[in-house]
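Asker: can you look at this prediction? I've put the sequence above it.
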Amino acid sequence: MLLVHFHDPLPPPYACFGAAEDSPFALALMLAAQGDDPFVLNNTPPGAERPPPQPLGLAFLRFLLSGAGGISAPGDRTDWHWQRTDAAP
């Protein structure tokens, strides 16, 4: 399956409603089922103290490229958490 995600900054009249870091980007991933899943995704209700939101596709791309064991990213109505299944606890 091909997953395509893109983000474009809001036009000037609406830019004040966007995130501080609002750069255009595109992400395309070829997804295939091959045994164990390398990543786990879950969500939780939003926390009280939250960092400024960033595009979720960009947060996932940073996680994917970083090699980190896990990351959390705030969304509009929920917090998203990605974890590598091969990461040591």
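Answerer: Happy to help now that I have it.

Asker: what ranges do the helices span in the protein?
Answerer: For the chain, the helices defined by DSSP state H occupy 56-66.

Asker: now it, which segments are flagged as low pLDDT?
Answerer: Residue ranges of the chain with pLDDT under 70: 19-21, 34-37, 50-53, 87-89.

Asker: again, 80 this time
Answerer: Counting by pLDDT under 80, the chain shows low-confidence ranges at 1, 17-23, 31-38, 47-55, 75-76, 86-89.

Asker: now the strands for it?
Answerer: 2-7, 25-30, 39-44, 70-74, 79-84 (DSSP state E).

Asker: mind checking how far A28 is from F6?
Answerer: According to C-beta to C-beta, to the nearest Å, A28 and F6 sit 9 Å apart. In this view, the C-beta of every residue, glycine as well, is placed from N, C-alpha and C.

Asker: which among the strands of the chain is found nearest to G57?
Answerer: strand 2-7 (4.1 Å; C-beta to C-beta).

Asker: mind listing what's buried along that closest one?
Answerer: H7 (16 or more other C-beta atoms under 10 Å).

Asker: and that strand, which strands flank it?
Answerer: Strand 2-7 has the following strand partners under DSSP bridges: strand 25-30 (antiparallel).

Asker: next, the angle helix 56-66 makes with the partner strand.
Answerer: Interaxial angle, strand 25-30 versus helix 56-66 (axes from the mean of the first three to the mean of the last three C-alpha atoms, to 10 degrees): 60 degrees.
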